[in-house]
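Engineer: build me a model from this:
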Amino acid sequence: VLVKEERLKSTPKLEKALQLLERGSHGLWELAVDRENHGSAIFDHLVLTLLLAVLESVSLPAVANALAAFWALAVSQECRNTLCSLNVLPAILSTLDDKLAPHEALDDSLQDDLRKMPSFRSTETDVYRV
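Structural biologist: Predicted structure coming up:
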């Protein structure tokens, strides 16, 4: 289901797979917004790893659903610990760079502001690409 854009050829089978990916990621987002689900077995290491893999998809709706699910899960300490162990933040930043930069969704001033934010820094001199 997760294919690189260079090799993407639209076929009915691929379209169906992308549709299922979008529905599945949307369902995970819906579960993630309910904080009662954060401590349950729903968002275990395997599910979060699979959700992380969705960030590589060519389906922008599926990617947006995964990003929204991560955002919703970040309010829970238990989920945050798992997200950190999976290095989700660098993956999110890389996804935003890959998916938004070609579409020029962020203007230069906004990108400069994001680069200055402390949460995007790994050290005083090292700044993650945004």
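Engineer: by contact count, what packs against the host helix or strand of residue 69?
Structural biologist: Per DSSP states H and E: residue 69 is located in helix 60-73. With contacts taken as 3 or more C-beta pairs under 8 Å, 6 or more residues apart in numbering; DSSP states H and E, helix 60-73 sits against helix 12-32, helix 45-54, helix 77-85, helix 88-100. C-beta here means a position set from N, CA and C on the backbone, and glycine is covered the same way.
Engineer: give me the neighbour count for residue 85.
Structural biologist: Using other C-beta atoms under 10 Å, residue 85 has 10 neighbouring residues.
Engineer: can you give me the end-to-end distance of stretch 65-83?
Structural biologist: 16 Å (C-alpha to C-alpha, to the nearest Å).
Engineer: what lies in contact with it?
Structural biologist: For stretch 65-83, the surrounding residues in contact (C-beta atoms under 8 Å, 6 or more residues apart in numbering) are 22, 25-26, 28-29, 31-33, 35, 38-39, 43, 45, 48, 51-52, 54-55, 88-89, 92, 95.
Engineer: what's the ChimeraX syntax to select whichever of the residues you listed are buried?
Structural biologist: Selecting only the buried members of these in ChimeraX, with burial defined as 16 or more other C-beta atoms under 10 Å, works like this:
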select :22,25,26,28,29,31,32,38,43,48,51,52,54,55,88,89,92,95
